[in-house]
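Asker: no FASTA, just this:
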Ligand code: RNT
Ligand code: ZN
C-alpha cells in the first residue's frame, strides 16, 4: 500500500506526463559503484604501510570509528548496503589487497590477493570495479608516476597497471559483470614547470605500453582514464589534464571519467556530457563535491549533481554511463557518509527520470522561451521527495532520514569500540 503523499505525487507528475512508477523502477536499476576508500580514509591495507606521500589524496578529520582492516571495511559496507535502495557495486583500489603477512608490491599483485573481497562481492551479489593505486607509495614520491623522468619508475607503474588489468578481468569473469578499471595518476607539479611537454609525452607512451597488452579482454576489463584540474602538490601543472585524457580516451577507445570535483568552479560538468558524448561512446562519472581547494567532500543533492543527471535523462544516455562515488570525509561517521552520498546520487538519478522535460523541449522548439523557463522552475517544486520515500519503501530500506537510527546503533556497538 503506497502512502497518501506518494499517491498525490503520482498524480502531480502524471499531470506533466511523467510516470512515477516507471521512474522508480528505472532509478532502482541503475548501478552505483560504492568506493571502498571512504571506510578507512583512503589508507589502504598494505603490509607494511606504505604511508601517504605528498602527492595524491588526503582525508582530513578525526571522527572515531575508522575501519582498520578489510573485515571492518566490509562490515561497514554491509550496513551501508542495507540502508541503500537500488543496485550497488563496489569500487576497489589496488592497495586494498589483503596479502596477510606477506609483502606483495604493487607490481606483483594477483587476483588471489583480493580473494576475500571477491568472496564478499559474490555472497552479496555485488559487481566489482577496480582502480590501480598510483599514489601512497615510495615510487610516487617524486610527484610523478607513469610520466616520471626515470624509466625505472615508469616501468614499475606500467607493471602495476598491467597487473591491475588482469585483476579487473578476473573479477569480471568470476562475477559475470564487466569491471570498470579506472586510471588516475597524481602526476604534476606544485609550480610552473619549464617543460610541460615531456611528461605528457611520457604519460601517453606509458599508457600505450599498458594497453598494448592484448591478452586482456576489454569487454571484461573496461578501462577508464580520469583527469583533473589541480591537486594537492600539483596546483600549477597536472600532466593528465582534462584535455589530455579526453583526447587520449577518444583516440584509444577508452572510457573517459568525469569527476565532479575536478573542474574550475564556474565549469558545469552537466554541460560537458552532451559535448563528450557527441564523440565518446561512454563516460564514467565520479560523483563528488568540490569545496574551495578540496575535490572530495561527501556528495549532497546540490545543483551540480542534479543537473548532471538531468542532462543524462534529457539525452536518454543512461546506457552510456557508469556511475561511481568518489569522496572521503574523516570528520563524520563514515557509514553515514556512504549513505548520504550514495542516496544523494540516486536521488539525482530519480529527479532526472522524473523531470517533465518533454513540455520544456516543446516550449523551446516553439520559440516560447519564457514558458520553457517557467516550466523548469516549476519542475523544482514537484514532490519528488514523496516519490523517493516510496522508492525506499519498495526496496525495503528506511525512507527519509530514518536510517540514522541504524547508524547510531552501529556506531555504539561497533565503531566506537575501534581504537
Ligand atoms: C583523485 C581522483 C581519484 C581518487 C581515487 C581514490 O583526484 O578523483 O578518483 O579520488 O582514485
Ligand atoms: Zn575521482
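Answerer: Cool, got the structure. Predicted, not measured: the structure shown is a model, and the values here were computed from it. Ligands and ions are numbered 1, 2, ... in the order given.

Asker: ramachandran angles for the residue in the chain positioned nearest to ligand 1?
Answerer: The nearest approach of the chain to ligand 1 comes at residue 184, 4.1 Å away (Cβ to the nearest ligand atom). The C-beta positions use only the backbone N, C-alpha and C, and glycine is treated the same way. Phi and psi for residue 184, reported as degrees, to the nearest 10, are phi -130, psi 130.

Asker: quick one: neighbours of the closest residue to it other than its chain neighbours, just the number.
Answerer: Excluding the flanking residues, the one nearest residue 184 by Cβ to Cβ, 6 or more residues apart in numbering is residue 226, at 4.1 Å. The tally of other residues near residue 226 (other Cβ atoms under 10 Å) stands at 22.

Asker: give me the beta-bridge partners of residue 226?
Answerer: Note on residue 226: beta-bridge partners by DSSP bridges are residue 257.

Asker: wait, isn't it in contact with residue 257?
Answerer: Yes. Assessed by Cβ atoms under 8 Å, residue 226 is found in contact with residue 257 at 3.7 Å.

Asker: list the residues that contact both of the two?
Answerer: By Cβ atoms under 8 Å, 6 or more residues apart in numbering, residue 226 and residue 257 have these common neighbours: 182, 184, 245, 284, 286.

Asker: what subset of these is buried?
Answerer: For the shared contacts of residue 226 and residue 257, a burial check counting by 16 or more other Cβ atoms under 10 Å picks out 182, 184, 245, 284, 286.

Asker: which residues touch the second one?
Answerer: The contact partners of residue 184, by Cβ under 8 Å, 6+ apart, come to 131, 134, 225-226, 228, 240, 257.

Asker: nearest to residue 389, of those?
Answerer: Nearest to residue 389, judged by Cβ to Cβ, of the contacts of residue 184 is residue 257 at 31.8 Å.

Asker: show me the shared contacts of residue 226 and residue 257 that map onto helices.
Answerer: Cross-referencing these against helices under DSSP state H gives residue 245.

Asker: which of the shared contacts of residue 226 and residue 257 sit farthest apart?
Answerer: For the shared contacts of residue 226 and residue 257, the farthest-apart pair by Cβ to Cβ is 245 and 286; their separation is 12.8 Å.

Asker: any shared contact partners between those two?
Answerer: Contacts common to residue 245 and residue 286, judged by Cβ under 8 Å, 6+ apart, are 226, 257.

Asker: flag every buried residue along the longest helix seen in the chain.
Answerer: Longest helix in the chain by number of residues, with DSSP H as the criterion: helix 151-175. For helix 151-175, a neighbour-count test (16+ other Cβ under 10 Å) marks 153-154, 156-172, 175 as buried.

Asker: now do stretch 5-23
Answerer: Within stretch 5-23, the residues scored as buried using 16+ other Cβ under 10 Å are 6, 9-10, 12-13, 16, 18, 20, 23.

Asker: what does it contact?
Answerer: By Cβ under 8 Å, 6+ apart, the residues outside stretch 5-23 that reach it are 2, 350, 353-356, 358-359, 379, 382-384, 386-387, 389-390.

Asker: stretch 71-83 now?
Answerer: Contacts for stretch 71-83 (Cβ under 8 Å, 6+ apart): 34, 36, 39-40, 67, 88, 90, 96, 116-117, 120, 124, 126, 334-335, 338-339, 342, 397-398, 403, 406-407, 410, 414-415, 418.

Asker: in it, what's buried?
Answerer: Buried-residue list, stretch 71-83, by 16+ other Cβ under 10 Å: 72-77, 79-81, 83.

Asker: tell me, what's the model's pLDDT at residue 111?
Answerer: With respect to pLDDT, residue 111 has a value of 98.

Asker: name the nearest residue to it, sequence neighbours excluded.
Answerer: Distances taken as Cβ to Cβ, 6+ apart place residue 170 nearest to residue 111, at 4.0 Å, with adjacent residues excluded.

Asker: go on, residue 202?
Answerer: Nearest non-adjacent residue to residue 202, counting by Cβ to Cβ, 6+ apart: residue 147, 4.5 Å away.

Asker: from what I can see that neighbour touches residue 199, true?
Answerer: Yes. Here residue 147 reaches residue 199: they are 4.0 Å apart, a contact under Cβ under 8 Å.

Asker: shared neighbours, the two?
Answerer: Residues touching both residue 147 and residue 199 (Cβ under 8 Å, 6+ apart) are 187, 239.

Asker: low-confidence regions, the protein specifically.
Answerer: Under the criterion pLDDT under 70, the flagged ranges of the chain are 48-56.

Asker: what does it have sitting close to ligand 1?
Answerer: Proximity of the chain to ligand 1 is confined to 37, 42, 57, 93, 131, 184, 226, 228, 231, 259, 286, 295, 326 under the rule Cβ under 6 Å from any ligand atom.

Asker: what subset of these is buried?
Answerer: The neighbour count (16+ other Cβ under 10 Å) marks 37, 42, 57, 93, 131, 184, 226, 228, 231, 259, 286, 295, 326 as buried among the residues of the chain next to ligand 1.

Asker: of those, closest to residue 312?
Answerer: Lowest distance from residue 312 to those (Cβ to Cβ) belongs to residue 286, with 14.3 Å.

Asker: please verify my assumption that that closest one contacts residue 228.
Answerer: No. At 10.4 Å, residue 286 and residue 228 do not qualify as touching, with contact defined as Cβ under 8 Å.

Asker: joint contacts of these two?
Answerer: Common contacts of residue 286 and residue 228 (Cβ under 8 Å, 6+ apart): 259, 262.

Asker: now do stretch 334-351: distance to the chain's middle.
Answerer: Mean C-alpha position of stretch 334-351 versus that of the full chain (Cα atoms, centre = their mean, to the nearest Å) differs by 12 Å.

Asker: list phi and psi for the residue nearest to residue 202.
Answerer: Phi and psi for residue 147, reported as degrees, to the nearest 10, are phi -110, psi 10.

Asker: the residue in the stretch 1-150 of the chain that ligand 2 sits nearest to: neighbour count?
Answerer: Nearest to ligand 2, among the residues of the stretch 1-150 of the chain, is residue 35, at 8.4 Å (Cβ to the ion). For residue 35, the neighbour count with other Cβ under 10 Å is 25.

Asker: that one: what's it in contact with?
Answerer: By Cβ under 8 Å, 6+ apart, the contact list for residue 35 reads 91, 324-328.

Asker: what parts of the stretch 251-400 of the chain come near ligand 2?
Answerer: Residues of the stretch 251-400 of the chain lying near ligand 2 by Cβ under 5 Å from the ion: 259, 286, 326.

Asker: show me where the stretch 151-300 of the chain has helices.
Answerer: Taking DSSP state H, counting those that start in this stretch as the test, the helices found in the stretch 151-300 of the chain are 151-175, 197-211, 242-252, 269-276.
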